[in-house]
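Peer 1: how does the following fold in three dimensions:
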Amino acid sequence: MSSVEAVGRNNLSEYTTLRLGGPARRVVVAETTDELVAQVRKLDEEGEPVLLVGGGSNLVVGDAGFDGTVVRIATTGWSDDFRTVAAGQDWDAYVAATVAAGLGGLECLSGIPGCAGATPIQNVGAYGCETSQVLESVEVYDRRAGEVRTLTADDLGFAYRTSVLKGTDSGVVLSVRFRLSDDGLSAPVRYAELARTLGVEIGDRVPAGQAREAVLSLRRGKGMVLDPDDRDTWSAGSFFTNPIVADADVAAVLDRIADVVGPEVAVPRYPADGGVKLSAAWLIERAGFAKGHTGPGGRVSLSTKHTLALTNRGDATTDDLLALAREVRDGVRERFGVELRPEPLLVNCAL
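Peer 2: Got it, this is the predicted structure:
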């Protein structure tokens, strides 16, 4: 059965990439899928509040912590054909293994911290690839029905950085199955920055390993590959999602932006369902927040490499981080009339 973490290891700062968060009443570790299901079922029967934690790369936990039991998902491994992976498996190690096996499809998601089980929850994406494009199915434990179910990609209601699994803990992801190509080539390159780095055209395919190395290089340059010695990586990755402006509001928003930055400045924008997607990082910078902009006491700051990451400089609190997040969010809203929304899950805290 699941093991209980040693006393003194219940502070959630030890389980998040931000290294922030107060104590939990108890932390248990599930190392197999059967343990995970049994532990969650038992806690539900006892009426105990449960917080599921994998890699902790998308969590902001309040300084008061969590008044309940944390279940740390530590299941690992993948199937012989590499296409099905356990929820607790370190994501980048799995991506590296698929590439080494001559399989393509996940290479543009290289270097993303956290565990495999998180990828369908928030439709993880980067460099022109989203989980929704390569996912086949997800095995989940349905806490309400008390049974294990398989959901297809169509069942998950994917949209930009979200799915039906996000914002609810009723379904515990147990494993994820992906559609991968076996020709050793990447998916068609869709992201302009990656295409330039690779020296190819949009839509071209390259060896998956070549695409992976290019993505890792780009991410390292932005402080988006975990490194304990680099405080720019003490973050939850991109703190804000790129805002989507409804079609009816696009003209007014672009006019307002032009009034601030000048009509000659090109505003990065991309097609999106029901509107236009703007670049959160671009808006943050034009609202006056430069790389390295500090928050309370210098204990938190925007990354020195990428304005979309909010970082813990070593002795911060969650309140410090949220104060900086509010400053950035409010500054963008006041200057451009665009609302930025957080990407991480906020636990016992709020903006």
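Peer 1: run a quick neighbour tally on the closest residue in space to Gly288 that isn't next to it in sequence.
Peer 2: Computed as C-beta to C-beta, 6 or more residues apart in numbering, the closest residue to Gly288 that is not its neighbour in sequence is Gly331, at 6.4 Å. Placement of C-beta: from N, CA and C, glycine included. Other residues lying near Gly331 total 17 when counted by other C-beta atoms under 10 Å.
Peer 1: and Gly331, what are its phi and psi?
Peer 2: phi -60, psi -40 (degrees, to the nearest 10).
Peer 1: and the pLDDT for it?
Peer 2: Each residue has a pLDDT score; the one for Gly331 is 98.
Peer 1: residue ranges with poor pLDDT in the chain?
Peer 2: Low-confidence segments of the chain (pLDDT under 70): 1-9.
Peer 1: what residues go with each domain of it?
Peer 2: Following automatic domain parsing, the chain resolves into domains at 3-73, 84-221, 231-347.
Peer 1: before we move on, back to that, distance check, the residue nearest to Gly288 against Ile112.
Peer 2: Gly331 sits 28 Å away from Ile112, taking C-beta to C-beta, to the nearest Å as the criterion.
Peer 1: repeat that for Asp63.
Peer 2: Asp63 sits at a distance of 27 Å from Ile112 (criterion: C-beta to C-beta).
Peer 1: the more surrounded of those two?
Peer 2: Neighbour tally, Asp63 and Ile112, criterion other C-beta under 10 Å: the higher count belongs to Ile112, 25 against 18.
Peer 1: could you look up the SS state of that one?
Peer 2: Per DSSP: H, G, I helix; E, B strand; the rest coil, the secondary structure class of Ile112 is coil.
Peer 1: phi and psi next, for it.
Peer 2: The phi/psi pair for Ile112 (degrees, to the nearest 10) is phi -80, psi 130.
Peer 1: how about it: what's its closest non-neighbour residue?
Peer 2: Per C-beta to C-beta, 6+ apart, closest to Ile112 is Trp91, 5.7 Å.
Peer 1: thought that neighbour was touching Ser110?
Peer 2: No: counting by C-beta atoms under 8 Å, Trp91 does not reach Ser110; the two are 9.1 Å apart.
Peer 1: any idea how far stretch 18-25 is from the chain center?
Peer 2: Chain-centre distance of stretch 18-25: 18 Å, with C-alpha atoms, centre = their mean, to the nearest Å.
Peer 1: correction: stretch 92-110
Peer 2: Worked out by C-alpha atoms, centre = their mean, stretch 92-110 lies 18 Å from the chain centre.
Peer 1: equivalent analysis for stretch 330-345, please.
Peer 2: Using C-alpha atoms, centre = their mean, the offset of stretch 330-345 from its chain centre is 18 Å.
Peer 1: convert it to PDB, retaining C-alpha atoms only.
Peer 2: Provided in PDB are the C-alpha atoms of stretch 330-345 (Å, rounded to 0.1, in the frame of the first residue of the first chain):
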ATOM      1  CA  ASP A 330      -3.500  44.800 -13.100                       C
ATOM      2  CA  GLY A 331      -0.900  46.700 -15.100                       C
ATOM      3  CA  VAL A 332      -1.800  45.000 -18.300                       C
ATOM      4  CA  ARG A 333      -5.500  45.500 -17.700                       C
ATOM      5  CA  GLU A 334      -5.100  49.200 -16.900                       C
ATOM      6  CA  ARG A 335      -2.900  49.800 -19.900                       C
ATOM      7  CA  PHE A 336      -4.500  47.700 -22.600                       C
ATOM      8  CA  GLY A 337      -7.900  46.600 -21.200                       C
ATOM      9  CA  VAL A 338      -6.900  42.900 -21.500                       C
ATOM     10  CA  GLU A 339      -7.400  40.500 -18.700                       C
ATOM     11  CA  LEU A 340      -4.600  38.000 -18.000                       C
ATOM     12  CA  ARG A 341      -5.600  34.700 -16.300                       C
ATOM     13  CA  PRO A 342      -3.300  32.400 -14.400                       C
ATOM     14  CA  GLU A 343      -2.300  29.100 -15.900                       C
ATOM     15  CA  PRO A 344      -1.300  27.200 -12.700                       C
ATOM     16  CA  LEU A 345      -3.800  25.700 -10.200                       C
END
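Peer 1: ok, residues contacting that stretch?
Peer 2: 58-60, 122, 161, 236-241, 243, 245, 252-253, 256-257, 260, 278, 280, 283-284, 286-289, 325, 328-329, 351 (C-beta atoms under 8 Å, 6 or more residues apart in numbering).
Peer 1: which ones among those residues map onto strands?
Peer 2: Judged by DSSP state E, the subset of these located in strands is Leu59, Val60, Ala236, Gly237, Ser238, Val245, Leu278.
Peer 1: which pair of the residues you listed spans the longest distance?
Peer 2: Across the ones in strands among the contacts of stretch 330-345, the longest distance by C-beta to C-beta is 28.0 Å; it joins Leu59 and Val245.
Peer 1: who has more neighbours, the two?
Peer 2: Leu59 (24 against 21).
Peer 1: just give me the neighbour total for the residue nearest to the more buried one when sequence neighbours are not counted.
Peer 2: Setting aside the residues directly before and after it, Leu59 is nearest to Thr16 in space (C-beta to C-beta, 6+ apart), at 4.9 Å. Residues lying near Thr16 (other C-beta under 10 Å) number 24.
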